[in-house]
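A.B. asks: requesting a structural model of the entry that follows:
(chains A and B)
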Number of protein chains: 2
Amino acid sequence: MKTTKTIHLKNRPTGKPELTDFDFTTSEIPELKEGDVLLRSKYVSVDPYLRGRMSDAPSYVESFELNKPIASGSIAEVLESKNSNFSKGDHVSGMLQWKETQVATADGLIKVDPDKAPLSAYLGILGMTGLTAYLGLTEIGKPKEGETLLVSGAAGAVGSVVGQIGKILGLRVVGIAGTDEKIALLKSEFGFDEAINYKTTENMTEAITEVCPDGVDVYFDNVGGEISEAVLFNINTFSRTVNCGAISVYNNTEPPKSMSVQPFLIKKSSSMQGFIVHNFADMHPAGIQQLAEWLDQDKLKYTETIRAGFENIPQAFLDLFEGKNKGKMVVKI
Amino acid sequence: MKTTKTIHLKNRPTGKPELTDFDFTTSEIPELKEGDVLLRSKYVSVDPYLRGRMSDAPSYVESFELNKPIASGSIAEVLESKNSNFSKGDHVSGMLQWKETQVATADGLIKVDPDKAPLSAYLGILGMTGLTAYLGLTEIGKPKEGETLLVSGAAGAVGSVVGQIGKILGLRVVGIAGTDEKIALLKSEFGFDEAINYKTTENMTEAITEVCPDGVDVYFDNVGGEISEAVLFNINTFSRTVNCGAISVYNNTEPPKSMSVQPFLIKKSSSMQGFIVHNFADMHPAGIQQLAEWLDQDKLKYTETIRAGFENIPQAFLDLFEGKNKGKMVVKI
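C.D. replies: Alright, predicted model coming up:
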């Protein structure tokens, strides 16, 4: 039986994940059953939310099993098919295991067209990243023309798209990021009206007040933690917070504490809602269509950080927590 | 010029308010201008949210001024009127100052009928309390038949009404309160399916899981703090939390810390929204009509704790924080 390179979760990380939490191994490739496809991974997405799945704390998303392969959004080529919907040579997107080659059922696999956009784009702007930005902002944030949109993690994969969509929809858009280079990029490249470097800003509450003189109507939150506390002092009545990510606390070993949000929400009749793109699956096709249209009209720009080599997947993942990516981080196999 | 007994805010309380934070004084009663009415207070409402108004911390509701009268929902009799909408002998409800007698403009005054319901009911079940329960639950909680509703501060003025409305709407209703007597009352008097005494329960997370085996779909939160942390481990996907009050943290001297809600909201695509009844003023008339109808059909019961005497208003307010009230606390003048 043939084998393939595979990456297992070896330990549940305590605090920041390390390379030693991953195990490079080989696994067998079983025979295809009726309905299966044999896939070779081409691009693998690494995402902050995977940190939650490595933990077994009750407060996080569904856990990966120890000594089993990790899985994430991936693009693969069909090498062999026993499924009438897919043919040899097709490219597909889906939640795949960290294996060079694997047998998969067709569940959740979507055909993608390498002639319409680069394959990696289907993991980003035309995939989960773009859909998270678009559906999170429109379905939860319910933005109205002329309102102020604040985005944390603004230079990240999701944040940079959220800001651009905010501009398309006619909002004033302010971003928060962690390097001067990112701040410059937000304004010059992605059209943000203002941006704040939280690492060089002493009083975030005041800094936000300054660049959001009319308060914050929609807060698209990718980070949680202290930055989001400062935002609470600036939210408007009936404002909406989209809780999309909390990278600042994913590595905490205990459920993190922060300022109680309830008194602020009460005072402002303000809402917060968590967003996971999988829970809005019925809206994905229309979302991708809208994103593709804007992309085609040159209204959306996206950045990627592409690493190379199957064996570099774990390091690429770790680098997310150091902010070493600009935009979507993917690994080309 | 005539004078009247008046209660001022003397100090901004630090932590728990004390009697010495209030000043009993007299103030002059000015002449009536065109459009004014002269009112004698009959019932004065004391409410936990007033604690927030005594503070000048930026995170809370609009502050009372020092050495000025406190104001709260009150029922008064019209002694004299220079306003064509009100006549001598009418009874009105409105946000009035803590004075025995006062001159008021007609702004926000609503005529109430002592023949249809006891006057104190217009501060409770047919007033802000009932409206808070009804509109908070229906507009923010969006309850659906068959779902599980969890109510904290369940034996309080708002909580006991929320639970009953939940039952009317066909939900499974669970309450949280702080004495065995209250727990018994919730089940025997207000029709709650289950109730938990948080003071005698060691592990609230597990206790909630036990009585909410299908999870929590709607959480009507009157208390915030640790109880609400335990609820987070039990919320369902797409669940809704109504942040109505946070009595557990109103006396904190610093913005209180609690477990970060964001990771929980994200995992469950769950929402939280603050609710202040004043922000839904256009829905008040329809709400009062619905509440009056249920009251008339004996579908709603309410409890009141009525204290007597103008000079006992501050003590009645302080007693809220000791849980000494059952249902709505009012002071009869």
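A.B. asks: which residues in chain A form helices?
C.D. replies: All helices of chain A, identified by DSSP state H, fall at A:50-54, A:128-135, A:157-168, A:180-188, A:204-211, A:225-232, A:262-268, A:284-296, A:313-320.
A.B. asks: relative to chain B, which of those helices is closest?
C.D. replies: Among these, the nearest to chain B by C-beta to the nearest C-beta is helix A:262-268 (3.3 Å). No exception for glycine: its C-beta is placed from N, CA and C like everyone else's.
A.B. asks: in CSV: the helices of chain A, plus distance to B:Phe192, mean pLDDT and mean neighbour count.
C.D. replies: CSV is the format used below for the helices of chain A (distance: least, C-beta to C-beta, whole Å; pLDDT from 0 to 100; neighbours: other C-beta atoms under 10 Å in any protein chain shown):
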stretch, distance to B:Phe192, mean pLDDT, mean neighbour count
helix A:50-54, 35, 90, 20
helix A:128-135, 37, 94, 27
helix A:157-168, 42, 96, 26
helix A:180-188, 51, 96, 17
helix A:204-211, 41, 97, 17
helix A:225-232, 33, 92, 21
helix A:262-268, 23, 90, 24
helix A:284-296, 41, 90, 16
helix A:313-320, 46, 96, 21
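A.B. asks: how many other residues sit next to A:Phe190?
C.D. replies: 26 (other C-beta atoms under 10 Å in any protein chain shown).
A.B. asks: my guess is it contacts A:Ser160. True?
C.D. replies: Yes - judged on C-beta atoms under 8 Å, A:Phe190 makes contact with A:Ser160 at a distance of 5.1 Å.
A.B. asks: residues that sit against both of those two, list them.
C.D. replies: A:Lys301 (C-beta atoms under 8 Å, 6 or more residues apart in numbering or on different chains).
A.B. asks: right, is the worst-scoring helix or strand of chain A on mean pLDDT up against chain B?
C.D. replies: Scoring the helices and strands of chain A by mean pLDDT, DSSP states H and E places strand A:257-259 at the bottom, with a mean of 82. Yes - judged by C-beta under 8 Å from any C-beta of the partner chain, strand A:257-259 and chain B are in contact via A:257-259.
A.B. asks: now do the contacts for A:Thr105.
C.D. replies: A:35-36 are the contacts of A:Thr105 under C-beta under 8 Å, 6+ apart.
A.B. asks: switch the cut-off to 6 Å
C.D. replies: With contact set as C-beta atoms under 6 Å, 6 or more residues apart in numbering or on different chains, A:Thr105 has these partners: A:Asp36.
A.B. asks: now do stretch A:125-139: everything it contacts.
C.D. replies: So stretch A:125-139 is contacted by A:73, A:117, A:157-158, A:161-162, A:165, A:242, A:244, A:275, A:277, A:280, A:283-284, A:287-288, A:291, A:302, A:328 (C-beta under 6 Å, 6+ apart).
A.B. asks: for the stretch 151-300 of chain A, what lies in contact range of chain B?
C.D. replies: Residues of the stretch 151-300 of chain A lying close to chain B (C-beta under 6 Å from any C-beta of the partner chain) are A:224, A:243, A:246, A:249, A:255-267, A:269-274, A:276, A:279.
A.B. asks: what's A:Ala157 in contact with, if anything?
C.D. replies: By C-beta under 6 Å, 6+ apart, the contact set of A:Ala157 is A:129, A:327-328.
A.B. asks: for A:Asn312, same thing?
C.D. replies: Contacts of A:Asn312 (C-beta under 6 Å, 6+ apart): A:Val331.
A.B. asks: relative to chain B, how far out is the closest residue to A:Glu31 other than its chain neighbours?
C.D. replies: The spatial neighbour of A:Glu31 that comes closest, neighbours along the chain excluded (C-beta to C-beta, 6 or more residues apart in numbering or on different chains), is A:Val103 at 7.9 Å. Between A:Val103 and chain B the distance is 30 Å, computed by C-beta to the nearest C-beta, to the nearest Å.
A.B. asks: now A:Val103: how far from A:Glu77?
C.D. replies: 14 Å (C-beta to C-beta, to the nearest Å).
A.B. asks: so for those two, which residue has more residues nearby?
C.D. replies: A:Val103 (20 against 17).
A.B. asks: my read is that that one contacts A:Glu34, right?
C.D. replies: No - checked against C-beta atoms under 6 Å, the pair A:Val103 and A:Glu34 is beyond contact range at 12.0 Å.
A.B. asks: domains for chain A, by residue range?
C.D. replies: A:3-124+A:303-332, A:128-278 (automatic domain parsing).
A.B. asks: which of these sits most buried?
C.D. replies: By mean neighbour count, with neighbours taken as mean count of other C-beta atoms under 10 Å in any protein chain shown, domain A:128-278 ranks first of the domains of chain A at a mean of 22.
A.B. asks: of all the domains of chain A, which lies closest to B:Glu147?
C.D. replies: Using C-beta to C-beta as the measure, domain A:128-278 is the one of the domains of chain A that comes nearest B:Glu147, at 17.4 Å.
A.B. asks: for B:Ala195, find the nearest of the domains of chain A.
C.D. replies: Short answer: domain A:128-278, nearest of the domains of chain A by C-beta to C-beta, at 22.1 Å.
A.B. asks: may I have the distance across that closest one, first residue to last?
C.D. replies: This stretch, domain A:128-278, spans 9 Å end to end (C-alpha to C-alpha, to the nearest Å).
A.B. asks: if anything else comes up later, I'll come back, but that's it for now.
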